[in-house]
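**Student:** Structure of the sequence below:
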Amino acid sequence: MTDERDELDVVGGPAADDEGPAAVEVVPLTEPADGIPPVVDTAEALAEVVEAFGNGTGPVAVDAERASGYRYGQRTYLVQLRREGAGTALIDPVALPDLSALSEALVGVEWVLHAASQDLPGLAEQGLRASRVFDTELAARLLGMERVGLAAVVAETLGLGLAKEHSAVDWSTRPLPLEWLRYAALDVELLVPVREILAERLAAAGKAEWAAQEFEAERTAAPPAPRVEPWRRVSGLHAVRDARRLAVVRELWETRDANARQRDISPGRVLPDHAIVAAAQALPRTVPQLVALPQFAGKGTRRRAALWQSAIDRALALPERELPSVRGPRSDAPPPPRAWADRDPDAAARLAAARAVVATTSQAWNVPAENLLQPDLLRRLCWSPPVPADLEAVRAALVAGGARPWQVDLMAPLLTPTIGVTAS
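**Tutor:** Down below sits the predicted model:
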């Protein structure tokens, strides 16, 4: 787990946002209960792990470490598991890319993860597929906890503090340093105890079924569809306003992506977004002009300056008909809500009324608004409401948009009256 540990600001003292004498003291957890296990990187060692975990009892805590920001893509570089009766295992999926035997040994066993949607796709690439899931982060959200990072949830539920200094390291490093392995083992040390507390709270709040549906939706989620024109996600693209310069951004992005994939390096380390935007704005015609830009002054960037200039040259030579659209690709999504008042005042009125209902319900149930209903689905419902706009039609629209049964049951009756709201 690489991106959720920054929420516990103080280890060994009260949580940073606690105030007053009622603050709970957080006791630092510095060593795994069973010590740091050796990294499993041979078929023989894996067979032993498979047997031990197959004979274990209760849920299995699972985590995965990636090298985001260092390597291309979201490949898993370490898999951590812990189960009663089996202890903790740290598995190297680079040496052992097929972990399906372990998955088969755990059929029917509940997997406890934190932010499961981040880890499940990468685990599936190793042949690890859960039969059931409990997501401690999602449970914390449904319970209305203010801070839902792993360290914060552990501190709030167990009064224990997890270290965070290795949360964003390069997990593709081999051999992995001992301190990193300690951190990785601790990541699964407390997931099952936390799960027990959160499950009790969910039941007491009448949200156990909500959580079960959310967990199953995470487990069975299809891989996201490839983005249309992914180069448009370059940070700072809003400053590029004409088609020719957008073509430069596109060509540089595609060239960077191919180079990063080939070298297995995070694209941002090959060429930062701000350099792409700077080149698109300046439109250099030669390598000397390109490297004169401050954003291309770095040694690595200058070394590949000819590659980047070639990409720019290709974009500058494109005929007008091949330039990208300034408006972006066609989409069935509604326009940005800020434009609704001018384009469709009634839709704007519906959205305002619907958002107010969601906000009130969010407060009443102590659940974040985005967990009650996806904002995109709410916008689609208000922009293109069903006809006739009765309860059954609204329910059907929510189901078609991917809402879970609990969301449909809760929100459809509340949202139906908003569909008839008009600007007048």
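**Student:** Val133 in helix, strand or coil?
**Tutor:** Here Val133 is recorded as strand under DSSP: H, G, I helix; E, B strand; the rest coil.
**Student:** Based on its surroundings, how many neighbours for it?
**Tutor:** Other residues within reach of Val133, judged by other Cβ atoms under 10 Å, total 23. All C-beta spots, glycine's among them, are computed from the backbone N, C-alpha and C.
**Student:** ok, it to Gly298 distance?
**Tutor:** Val133 is 43 Å from Gly298, where distance means Cβ to Cβ, to the nearest Å.
**Student:** Would you confirm that Glu254 contacts Arg232?
**Tutor:** No: Glu254 sits out of contact with Arg232 when judged by Cβ atoms under 8 Å, with a separation of 12.0 Å.
**Student:** moving C-terminal of the least confident helix or strand in the chain by mean pLDDT, what's the next helix or strand?
**Tutor:** Every helix and strand in the chain was compared by mean pLDDT, DSSP states H and E; the lowest is helix 299-303, with a mean of 89. Following helix 299-303 in sequence order, the next helix or strand is helix 305-317 (DSSP states H and E).
**Student:** Next, the contact list for Leu190, please.
**Tutor:** 29, 154, 158, 160, 162 (Cβ atoms under 8 Å, 6 or more residues apart in numbering).
**Student:** from what I can see the last one touches Ala152, true?
**Tutor:** Okay, so that is Leu162. No: here Leu162 does not reach Ala152: they are 9.4 Å apart, not a contact under Cβ under 8 Å.
**Student:** Between the contacts of Leu190, which has the least confident prediction?
**Tutor:** Within those, Leu162 has the lowest pLDDT, namely 90.
**Student:** Please identify the helix or strand for the nearest residue to it once chain neighbours are set aside.
**Tutor:** Spatial nearest neighbour of Leu162, excluding adjacent residues (Cβ to Cβ, 6 or more residues apart in numbering): Ala151 at 4.5 Å. According to DSSP H and E, Ala151 maps onto helix 150-158.
**Student:** so what's Asn259 closest to, chain neighbours aside?
**Tutor:** Closest to Asn259 by Cβ to Cβ, 6+ apart is Val270, at 5.5 Å.
**Student:** And that neighbour, how close does it get to Arg201?
**Tutor:** Distance from Val270 to Arg201, by Cβ to Cβ: 45 Å.
**Student:** So which of these two has more stuff around it?
**Tutor:** More crowded of Val270 and Arg201, by other Cβ under 10 Å: Val270, with 23 against 19.
**Student:** Now do the buried residues in stretch 55-64.
**Tutor:** 56, 59-64 (16 or more other Cβ atoms under 10 Å).
**Student:** Among those residues, which one sits closest to Gln74?
**Tutor:** Lowest distance from Gln74 to the buried residues of stretch 55-64 (Cβ to Cβ) belongs to Ala64, with 9.6 Å.
**Student:** Which helix or strand lies directly C-terminal to the helix or strand hosting Glu218?
**Tutor:** Assigned by DSSP H and E, Glu218 belongs to helix 208-219. Downstream of helix 208-219, the first helix or strand assigned by DSSP H and E is helix 243-263.
**Student:** tell me how far the helix or strand just after that next one is from the chain's mean position?
**Tutor:** Downstream of helix 243-263, the next assigned helix or strand under DSSP H and E is helix 267-270. Distance of helix 267-270 from its chain centroid, counting by Cα atoms, centre = their mean, to the nearest Å, is 20 Å.
**Student:** How many residues are close by the residue found closest to Pro59 once you drop the neighbours it is linked to in the chain?
**Tutor:** Excluding the flanking residues, the one nearest Pro59 by Cβ to Cβ, 6+ apart is Glu110, at 4.3 Å. Neighbours of Glu110 under the rule other Cβ under 10 Å: 16.
**Student:** Tell me which residues touch Glu110, please.
**Tutor:** 59-60, 130-134.
**Student:** For Leu391, give its distance to Phe53.
**Tutor:** 48 Å.
**Student:** Compare these two and say which is more crowded by neighbours.
**Tutor:** Phe53 (20 against 13).
**Student:** tell me what the helix or strand hosting the more buried one is packed against?
**Tutor:** According to DSSP H and E, Phe53 maps onto helix 43-54. Packing partners of helix 43-54 (3 or more Cβ pairs under 8 Å, 6 or more residues apart in numbering; DSSP states H and E): strand 76-84, strand 87-91, helix 100-105.
**Student:** closest one to Ala205 among those?
**Tutor:** Per Cβ to Cβ, nearest to Ala205 of those: strand 76-84, 26.6 Å.
**Student:** C-alpha coordinates for that closest one, CSV please?
**Tutor:** Extracted in CSV, the C-alpha atoms of strand 76-84 (Å, rounded to 0.1, in the frame of the first residue of the first chain):
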residue,chain,number,x,y,z
THR,A,76,2.8,-5.3,-8.1
TYR,A,77,6.3,-5.7,-6.6
LEU,A,78,5.5,-7.2,-3.2
VAL,A,79,2.5,-9.2,-1.9
GLN,A,80,1.9,-9.4,1.8
LEU,A,81,-0.4,-11.8,3.6
ARG,A,82,-1.3,-12.7,7.1
ARG,A,83,-3.6,-15.3,8.5
GLU,A,84,-4.2,-16.9,11.9
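**Student:** could you give the angle of that strand to strand 87-91?
**Tutor:** Counting by axes from the mean of the first three to the mean of the last three Cα atoms, to 10 degrees, strand 76-84 lies at 170 degrees to strand 87-91.
**Student:** tell me how far strand 76-84 is from the chain's mean position?
**Tutor:** Worked out by Cα atoms, centre = their mean, strand 76-84 lies 19 Å from the chain centre.
**Student:** and what of stretch 255-262?
**Tutor:** 23 Å.
**Student:** related to what we said a few turns ago, what are the buried residues along the helix holding Glu218?
**Tutor:** 208, 210-212, 214-215, 218-219.
**Student:** quick one: contacts of it?
**Tutor:** 116-117, 120, 130, 132-135, 138-139, 142, 199, 202, 371, 404-406.
**Student:** and those, which of them are in strands?
**Tutor:** 132-135 (DSSP state E).
**Student:** re earlier: with distance to Ile312 and mean neighbour count as new columns, can the helices and strands packed on helix 43-54 be given to me in a markdown table?
**Tutor:** What follows is those, written out as a markdown table (distance: least, Cβ to Cβ, whole Å; neighbours: other Cβ atoms under 10 Å):
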| stretch | distance to Ile312 | mean neighbour count |
| --- | --- | --- |
| strand 76-84 | 35 | 23 |
| strand 87-91 | 44 | 23 |
| helix 100-105 | 46 | 17 |
